[in-house]
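[1] Sequence and predicted structure, then a few things I'm wondering about:
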Amino acid sequence: MKGKSTSFVLLVIVEQMLGAVLFAGHLADAQEIEENLSAHRKSIAEHDHRSDFPHAGFIRSEKELEEIQNLPPDEAKDKLRIILVEIDLDLNGEISKKELSTRLLETYRSLSNEEADSEFDDSDLDNDGFITWKEYVTDTYALNEDDISISEEEEDDVAADEKAIFNAADTDGDLKLSKVEFRSFYTPEDYPHMVPLIVKDVLNEVDLDNDGKVTLDEFLKNKGHDGSDTDKEWVQAEKIKFHRDYDSNSDGVLEGEEIISWLLPNNNMLSMSEAEDLISKYDQNDDGQLSFKEILDNYKEFVLSTNNYSHLDYKDEL
């Protein structure tokens, strides 16, 4: 990670999820999700799998996807057929919405852990199986291989928000992260015990009057509205979304669980939604599920298409 900025930018939790949402035709929803979290996700271009995984909804590892992409069509279909057997839990030769949703969630967890573990190996400079804050800052902010001396003051100045998340991920309090702990540091949005920090960071950006709540005006300003009368249709649509989708008690503000619901969508719901969209697109006989044939007939869309981005970044239900 040498030389990369790891400032946490406003990007909601569905970064990895964005590809499949776009693929499913929900561009507006994907854009909203991407806009919400401003200070919580590291920008790691080298391992940004939104472009690395054309449609990784079925494929659990980078290596496996690369292997399938390089196979001749018949062999690629054979490989995909093996994967479909894994997904087909009731062994009826059909992929139901539930089976597809389950696979999408499993795939995200596998790919997320794979990427986090790769970053862990990069940052574990002394190869002792742990990452200290010093190692992380050195690996992340050192300008070159020789620039490895960073003072305590520089550490605090350069990554205060990240240090708070690092400390929260250090669940055993030994001042270093194991590989498992690093996963929650790398993608804190995936772990319930890290959520309060994410919400706190967002409120610091969005909650302009510091009352711990998000008003409609603050909600709209966070989305770029300047208070003018332009884009009336957009403003009205966002108001409806605020009241209908997020303000569950209809008190005119977002607070507590409502903020979490806004920032961290229910992943079971999102995975089911993507499964429905995939079935809608490829279910040729309209039976509400996908046969092996329906998937294999469109195997390029599921494995080889470079127009489809990766997979969804699903969060475990909080």
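    Arrived safely. Residues are numbered from 1 along each chain as shown.

[2] who does the longest helix belonging to the chain touch, helix- and strand-wise?
    Longest helix in the chain by number of residues, with DSSP state H as the criterion: helix 97-123. Of the remaining helices and strands, those touching helix 97-123 by 3 or more Cβ pairs under 8 Å, 6 or more residues apart in numbering; DSSP states H and E are helix 73-87, helix 133-141, helix 179-186, helix 267-282. For every residue, glycine as well, the C-beta is placed using N, CA and C.

[3] Could you check the angle it makes with helix 179-186?
    Interaxial angle, helix 97-123 versus helix 179-186 (axes from the mean of the first three to the mean of the last three Cα atoms, to 10 degrees): 100 degrees.

[4] residue ranges of the strands in the stretch 201-318 of the chain, please?
    Under the criterion DSSP state E, counting those that start in this stretch, the stretch 201-318 of the chain contains strands at 214-215, 253-254, 290-291.

[5] most tightly surrounded among the ones you listed?
    Across the strands of the stretch 201-318 of the chain, averaging neighbours per residue (mean count of other Cβ atoms under 10 Å) puts strand 290-291 on top, at a mean of 24.

[6] neighbouring strands for it, and are they parallel or not?
    Partners of strand 290-291 in the sheet, by DSSP bridges, are strand 94-95 (antiparallel).

[7] about what we covered before: worst mean pLDDT among the helices and strands packed on helix 97-123?
    Per-stretch averages of pLDDT across these put helix 267-282 at the bottom, with a mean of 82.

[8] list the helices and strands it packs on?
    helix 18-23, helix 97-123, strand 290-291.

[9] try 7 Å
    helix 97-123 (3 or more Cβ pairs under 7 Å, 6 or more residues apart in numbering; DSSP states H and E).

[10] tell me the average confidence for the helix it packs on?
    For helix 97-123, the per-residue pLDDT averages 88.

[11] Under the pLDDT cut-off, which ranges of this structure? List them.
    Applying pLDDT under 70 to the chain picks out residues 1-57, 142-159, 227, 229, 265-267, 303-318.

[12] let's see 50
    1-56, 143-145, 148, 304-318 (pLDDT under 50).

[13] Next, format the helices and strands packed on helix 97-123 as TSV and append mean neighbour count.
    As requested, the helices and strands packed on helix 97-123 are exported to TSV (neighbours: other Cβ atoms under 10 Å):
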stretch	mean neighbour count
helix 73-87	15
helix 133-141	20
helix 179-186	20
helix 267-282	19
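
[14] could you dump those to CSV with distance to H243?
    Formatted as CSV, the helices and strands packed on helix 97-123 follow (distance: least, Cβ to Cβ, whole Å):
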stretch, distance to H243
helix 73-87, 38
helix 133-141, 41
helix 179-186, 33
helix 267-282, 19
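
[15] and of those, who's closest to K98?
    Closest to K98 of these is helix 267-282 (Cβ to Cβ; 7.8 Å).
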